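Undergrad: generate coordinates for the sequence data below:
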Amino acid sequence: MSWDEGLAERVRELLAKVPGLVEKRLFGGLAFLHQGHLVACIAGDALIARVGADDYAEALTRPHVRVMDVTGRPLTGFVIVDPPGLEEDDALADWLGRGMDVVRRLPPRMPSPPRSPHRGRSRPPR
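TA: Prediction:
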């Protein structure tokens, strides 16, 4: 899947002053992470927004917002905001602000150890 590059530029502009923000391909889209935690992700022309468990039910009552369900089970704490809910910069900034509020309360994630070139084998091939 690809992502809306125009939306990506808007997100970059709104998060430009966040130190240590990282972009990474995730969920088939473009993710924005802070201290190893997902803030938001652009998937196609929609935004996967982190809202946290406490604000999840309220976020789902907002227009153009739906459950994030990529595995057959909803992922509590994340919602998908469809394009009409992102047209105004203030609306996009609100969703990104919610994600930043959640990740700022979390401890930094430790980087994952490098993957073995043996991919799970107990010993190297002969």
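
Undergrad: all contacts plus neighbour counts: C-alpha atoms, from now on.
TA: Fine.

Undergrad: hey, what's the spatially most central residue of the chain bridged with?
TA: In the chain, the centroid-proximal residue (Cα atoms, centre = their mean) is Ala40; its distance is 2.7 Å. Applying DSSP bridges to Ala40 gives these bridge partners: Phe32, Ala49.

Undergrad: check contacts around it.
TA: Ala31, Phe32, Leu33, Leu47, Ile48, Ala49, Arg50, Leu96, Gly99 (Cα atoms under 8 Å, 6 or more residues apart in numbering).

Undergrad: and the worst-scoring helix or strand of the chain on mean pLDDT, what does it pack against?
TA: Lowest by mean pLDDT, DSSP states H and E among the helices and strands of the chain is strand 21-26, with a mean of 93. Contacts defined by 3 or more Cα pairs under 8 Å, 6 or more residues apart in numbering; DSSP states H and E place strand 21-26 against strand 29-34.

Undergrad: poorly predicted segments of this protein, please.
TA: 1, 111-126 (pLDDT under 70).

Undergrad: all helices of it, in order?
TA: Assigned by DSSP state H, the helices in the chain fall at 5-14, 56-60, 89-104.

Undergrad: could you dump those to JSON lines with distance to Asp69 and mean neighbour count?
TA: Converted to JSON lines, these look like this (distance: least, Cα to Cα, whole Å; neighbours: other Cα atoms under 10 Å):
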{"stretch": "helix 5-14", "distance to Asp69": "21", "mean neighbour count": "15"}
{"stretch": "helix 56-60", "distance to Asp69": "13", "mean neighbour count": "16"}
{"stretch": "helix 89-104", "distance to Asp69": "18", "mean neighbour count": "17"}
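
Undergrad: thank you, goodbye.
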